[in-house]
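J.: Quick one, fold the following:
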Amino acid sequence: MSVTTERLWNRSFILCVLNNLFVFIYYFAMLAVLPIYIVKDLAGSVEEAGLALTLFLASSIAVRPFSGMIIQKMGKRLTMRGSSTFFAVFAFAYLFIDNMWSLLLIRFLHGIWFSVLTTVAVPVANDFIPEHRKGEGMGYYVMSTNLGVVFGPLIALTMIQFYSFQILFGALAVLISLGLIFSWLLNIPANQIPQQHKMNKKGFKLDDFLEPKVFAVSGVALLTAFAYSSITSFITVYSESKQLLAYTSVFFILFAASMLIVRPWVGKIYDRQGPSAVIVPSFIFFAIGLVVVTLVNNQWMLWLSAIFIGIGYGSVFPCLQTLTIQTVDKQRMGHAISTFFICFDIGLAVGSVVMGLVIAQWSFEFMYLCCAVLVILTLLFYQKYVSKKMIEKIE
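T.: Predicted coordinates:
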């Protein structure tokens, strides 16, 4: 039985958006300040700071294949509430860190619950979006993730100028606890597990962990994340090399603003004209933005690139995620989203390493130009392997 109403901004959907917003504000805030905390308070090295960030991502990726199975076996309600609770508990654990080893352990365990929580949250939110407004609804939902990219580092870097890391960790833990309350207020229906999944079976198959139907669109997500890693990992360093570091915060603000401005139209176009009507021009905008980055010599060019990338990448990602959940039956949404995020996370992780090697061998400009070419190739891949073979199934 559907739990959606005709109204998009119903109580449950708003709670889902707020919960997701707080989770990603927390995630990106910690991402921004942990290296500083490790070096200053724990007397750690830059390499150890990198290890702490990598462990979180590694445990998250490792658990992703099992997340769909967990959701199917335990149900969305229990998985959502349980993962939210453990994620909040480990947020408070940072207050008791006294050495590098305890931090590494907490980061590894925290990544596990981040993986499960962010996987189950998507199908839960989808349940509260009207069928004819899926593109618009998931667009707003994913937008809350992108807002976390802006507000997380902004809050964290501002607070550590006036308060201790302990106060910052406490404030962030309280923030994530509000998200926990929102997850418990959601009226999530109990899962109706299909008969074939109740039967005992020997061994495991590929589809116990992944959803083969979304391999193609997940491949597009992987390539998109690979290119986007050039922004998340190196735009700040690149700006500094151009003596434009002071203007980088405005870059992220413009990124978020441009994404917010186009969001109402992007979702409606997706629902009325189909995914390709949004995805194709968005990839083009993304590629143009990366080309503009290679031409940066003042703050105005840097900010112009933020607008193009915000419109392009900011529109592509929610559309790909919406397409993923529309491709499968409801009982397979957990597996589909798990598959999607595995590929996306791998794209970000591997992309950051490869981009660093390209920069070391050639230059920032060459790296961003390569990413622009990759985005165009990804668009061609989408048109050949996704648009023609998958769009017909959901229309």
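J.: lowest-pLDDT helix or strand in this structure?
T.: Between all helices and strands in the chain, the lowest mean by mean pLDDT, DSSP states H and E belongs to helix 195-198, at a mean of 48.
J.: buried stuff in stretch 258-267?
T.: 258, 259, 262, 263, 266, 267 (16 or more other Cβ atoms under 10 Å). Heads up, the C-betas are built off the backbone N, CA and C, glycines and all.
J.: wait, doesn't the fourth one sit right on residue 138?
T.: No. Checked against Cβ atoms under 8 Å, the pair residue 263 and residue 138 is beyond contact range at 11.0 Å.
J.: which residues in the protein form helices?
T.: Taking DSSP state H as the test, the helices found in the chain are 11-40, 46-74, 76-93, 100-127, 134-159, 165-185, 195-198, 215-241, 248-273, 276-294, 299-326, 333-361, 364-382, 388-394.
J.: measure the most centrally placed residue in the chain to residue 151 for me?
T.: Geometric centre of the chain, nearest residue: residue 145, 6.1 Å, by Cα atoms, centre = their mean. Residue 145 sits at a distance of 11 Å from residue 151 (criterion: Cβ to Cβ, to the nearest Å).
J.: what do you get for residue 189?
T.: 32 Å.
J.: Same question for residue 240.
T.: In this view, residue 240 and residue 151 are 22 Å apart by Cβ to Cβ.
J.: ok, back up a step: can you tell me which of the buried residues of stretch 258-267 is nearest residue 101?
T.: Residue 101 lies nearest to residue 259 out of these, by Cβ to Cβ, at 39.2 Å.
J.: give the contact list for the closest residue to that closest one other than its chain neighbours.
T.: Once flanking residues are discounted, residue 259 sits nearest to residue 314: 3.3 Å by Cβ to Cβ, 6 or more residues apart in numbering. When the contact criterion is Cβ atoms under 8 Å, 6 or more residues apart in numbering, the partners of residue 314 are 143, 146, 255, 258, 259, 262, 263.
J.: can you count the residues close to the first one?
T.: Residues contacting residue 143 under the criterion other Cβ atoms under 10 Å number 23.
J.: Was I right to think it contacts residue 317?
T.: No. The criterion here is Cβ under 8 Å, and residue 143 misses it with residue 317 at 9.6 Å.
J.: quick one on the thing from earlier: between residue 240 and residue 151, which has more neighbouring residues?
T.: Neighbour count, other Cβ under 10 Å: between residue 240 and residue 151, residue 151 has more, with 18 against 12.
J.: Let me see the confidence value for the more buried one.
T.: What the model reports for residue 151 is a pLDDT of 85.
J.: Next, find the distance separating it from residue 90.
T.: Taken as Cβ to Cβ, the span from residue 151 to residue 90 is 21 Å.
J.: quick one: the residue nearest to the centre of the chain and residue 373, what's the gap?
T.: 26 Å.
J.: OK, contacts around residue 223?
T.: Residue 223 makes contacts with 347, 374, 377, 378, 381, as judged by Cβ under 8 Å, 6+ apart.
J.: so can I have a markdown table of those residues showing distance to residue 324, pLDDT and neighbour count?
T.: As requested, those are exported to a markdown table (distance: Cβ to Cβ, whole Å; pLDDT from 0 to 100; neighbours: other Cβ atoms under 10 Å):
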| residue | distance to residue 324 | pLDDT | neighbour count |
| --- | --- | --- | --- |
| 347 | 14 | 88 | 22 |
| 374 | 21 | 97 | 18 |
| 377 | 20 | 97 | 14 |
| 378 | 16 | 96 | 22 |
| 381 | 16 | 94 | 15 |
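J.: Let me have those residues in JSON lines, extended by distance to residue 205.
T.: Output for those, formatted as JSON lines (distance: Cβ to Cβ, whole Å):
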{"residue": "347", "distance to residue 205": "25"}
{"residue": "374", "distance to residue 205": "33"}
{"residue": "377", "distance to residue 205": "32"}
{"residue": "378", "distance to residue 205": "29"}
{"residue": "381", "distance to residue 205": "27"}
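J.: Share the number of residues neighbouring residue 158, please.
T.: For residue 158, using other Cβ under 10 Å, the count is 11.
J.: ok, now which ones touch it?
T.: With Cβ under 8 Å, 6+ apart, residue 158 has no contacts at all.
J.: Surely residue 156 touches residue 167?
T.: No. Residue 156 lies out of contact with residue 167 (Cβ under 8 Å); the separation is 11.4 Å.
J.: which of the two has more neighbours?
T.: The residue with more neighbours, out of residue 156 and residue 167, is residue 156; 25 against 13, by other Cβ under 10 Å.
J.: Nearest spatial neighbour of that one, chain-adjacent residues omitted?
T.: Nearest one to residue 156, counting by Cβ to Cβ, 6+ apart, is residue 29 at 3.8 Å.
J.: The one you found against residue 152, yeah?
T.: Yes. Counting by Cβ under 8 Å, residue 29 touches residue 152, with 3.9 Å between them.
J.: For burial, what's the neighbour tally of the closest residue to residue 154 other than its chain neighbours?
T.: Distances taken as Cβ to Cβ, 6+ apart put residue 249 closest to residue 154, at 7.2 Å, once the chain neighbours are dropped. Using other Cβ under 10 Å, residue 249 has 15 other residues around it.
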